[in-house]
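Chemist: only the shape, not the letters, is given here:
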């Protein structure tokens, strides 16, 4: 499937309501526990997604439009959310994510990106990328964290499901990365 | 985390609204495509979840209460959904899933299962299981399919994300099973 801006926006628009339906007022045992060690809880993942709305996606869109390949993106601080989320409730994070996402999508609409999807930028590690790839990655990043959230939650029932554990694909998933 | 009936019900209650927020009126390219070969599309996964509401979870709960270990569960037909979903729209499947889930949770409440969580039943392949494990598996099964749905959708953008594909954990996930 080739990248299609409307398909991307239709997904980006839905993510806040999806996370809200799944997580708001859920018992904290589902959202405050992680997968062991220094892995992320659902609360942490939400904090990370908020940081993406603040410091990753739109600053990079703007940098591509303004500077093209001449200037590399700022590296994204994957741990900033640990400082920023401290003391907040999960409901506050859901509200904040929804507000920031709506604001960012308003800006995307206003920028009229369609004719500029081929514009290039420079990623500090990946090298040359383009605006189309950046926007598709924003949507796929939502999906990677929905995938992660469902896995973190399922992990909490690893023992509770007894012998069924071997039939549940999500319990065989190792996260595929250190994060 | 030990199995807790209220935690299980709070998750089971949220799944229809979660899927609705994510999928209703989403462009069909997200929901009609699969991961290649004979893998499932998002549409197929919803059909499978509906079959679970009809033929898997509640019949097994009832069988444990009525027959204990003396009678094995009927094997679950993992492909019945292909017949039953034919000709329906994704919106119809979302409506049907929500209606069946609500009805089943009403029945769970009416059965007052709390004092019976230790009751045993017999799975045709796994052997002796208990009601607590069955209910926990019902919730984890929702999560395994949310995990699968996010992976199927992300797969559609495998090319579109360009060099970012290696950073997206969901694109490294192979599904962990043939299904």
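Modeler: Noted; the coordinates are in hand. Only a predicted model underlies this, so the values are computations on that prediction, with no experimental measurement involved.
Chemist: so where's chain A shaky on pLDDT?
Modeler: Within chain A, the segments meeting pLDDT under 70 span A:1, A:176-179.
Chemist: for it, longest helix please?
Modeler: For chain A, the helix reaching the highest residue count under DSSP state H is reported as helix A:131-155.
Chemist: tell me which other helices or strands that helix touches.
Modeler: helix A:5-23, helix A:42-55, helix A:57-67, strand A:120-123, helix B:131-155 (3 or more C-beta pairs under 8 Å, 6 or more residues apart in numbering or on different chains; DSSP states H and E). In short, each C-beta sits where N, CA and C put it, glycine included.
Chemist: surely residue A:35 is within a helix?
Modeler: No: secondary structure assignment (DSSP: H, G, I helix; E, B strand; the rest coil) places residue A:35 in coil, not in a helix.
Chemist: shouldn't it be in contact with residue A:175?
Modeler: Yes: using C-beta atoms under 8 Å, residue A:35 is in contact with residue A:175, at 7.2 Å.
Chemist: list residues touching both of these two?
Modeler: residue A:151 (C-beta atoms under 8 Å, 6 or more residues apart in numbering or on different chains).
Chemist: quick one: residues contacting residue A:44.
Modeler: Residue A:44 touches A:34, A:81, A:82, A:85, counting by C-beta under 8 Å, 6+ apart.
Chemist: looking at the helices and strands packed on helix A:131-155, which is buried most?
Modeler: helix B:131-155 (a mean of 25; mean count of other C-beta atoms under 10 Å in any protein chain shown).
Chemist: so of the contacts of residue A:44, which ones are in helices?
Modeler: Going by DSSP H, the helices hold A:81, A:82 from the contacts of residue A:44.
Chemist: who wins on neighbours among the contacts of residue A:44?
Modeler: In terms of neighbour count, residue A:81 stands highest of these at 23 neighbours, by other C-beta atoms under 10 Å in any protein chain shown.
Chemist: ok, the closest residue to that residue other than its chain neighbours - contacts?
Modeler: Leaving aside its sequence neighbours, residue A:81 sits nearest to residue A:47 (C-beta to C-beta, 6 or more residues apart in numbering or on different chains; 3.2 Å). Residue A:47 is in contact with A:81, A:82, A:84, A:85, A:93, counting by C-beta under 8 Å, 6+ apart.
Chemist: show me which of those residues is closest to residue B:157.
Modeler: residue A:81 (23.9 Å; C-beta to C-beta).
Chemist: was I right about the closest one contacting residue A:43?
Modeler: No: in this structure residue A:81 lies outside contact range of residue A:43 using C-beta under 8 Å: 9.4 Å.
Chemist: quick one, phi psi at residue A:160?
Modeler: Main-chain torsions, residue A:160, degrees, to the nearest 10: phi -60, psi -30.
Chemist: quick one: it and residue A:30, what's the gap?
Modeler: 12 Å (C-beta to C-beta, to the nearest Å).
Chemist: who's more crowded, those two?
Modeler: Legend: neighbour count by other C-beta under 10 Å for residue A:160 and residue A:30, higher for residue A:30 (24 against 21).
Chemist: neighbours of residue A:107, how many?
Modeler: Residue A:107: 13 neighbours (other C-beta under 10 Å).
Chemist: cool, the one 10 residues further on as well?
Modeler: Residue A:117: 16 surrounding residues under other C-beta under 10 Å.
Chemist: backbone torsions only: list them for it.
Modeler: Dihedral angles for residue A:117 - degrees, to the nearest 10 - are phi -60, psi -20.
Chemist: contacts only, for it.
Modeler: A:3, A:5, A:130, A:131, A:132, A:135 are the contacts of residue A:117 under C-beta under 8 Å, 6+ apart.
Chemist: can we see that at 6 Å?
Modeler: A:131, A:132 (C-beta atoms under 6 Å, 6 or more residues apart in numbering or on different chains).
Chemist: got it, and residue A:118?
Modeler: Here residue A:118 is in contact with residue A:130 (C-beta under 6 Å, 6+ apart).
Chemist: try 10 Å this time
Modeler: A:130, A:131, A:132 (C-beta atoms under 10 Å, 6 or more residues apart in numbering or on different chains).
Chemist: secondary structure element for it, which one?
Modeler: Using DSSP states H and E, residue A:118 is not contained in any helix or strand.
Chemist: how close does it sit to residue B:144?
Modeler: From residue A:118 to residue B:144 the distance is 39 Å (C-beta to C-beta).
Chemist: with residue A:17 instead?
Modeler: Taking C-beta to C-beta, one finds residue A:17 at 22 Å from residue B:144.
Chemist: same question for residue A:142.
Modeler: Taking C-beta to C-beta, one finds residue A:142 at 19 Å from residue B:144.
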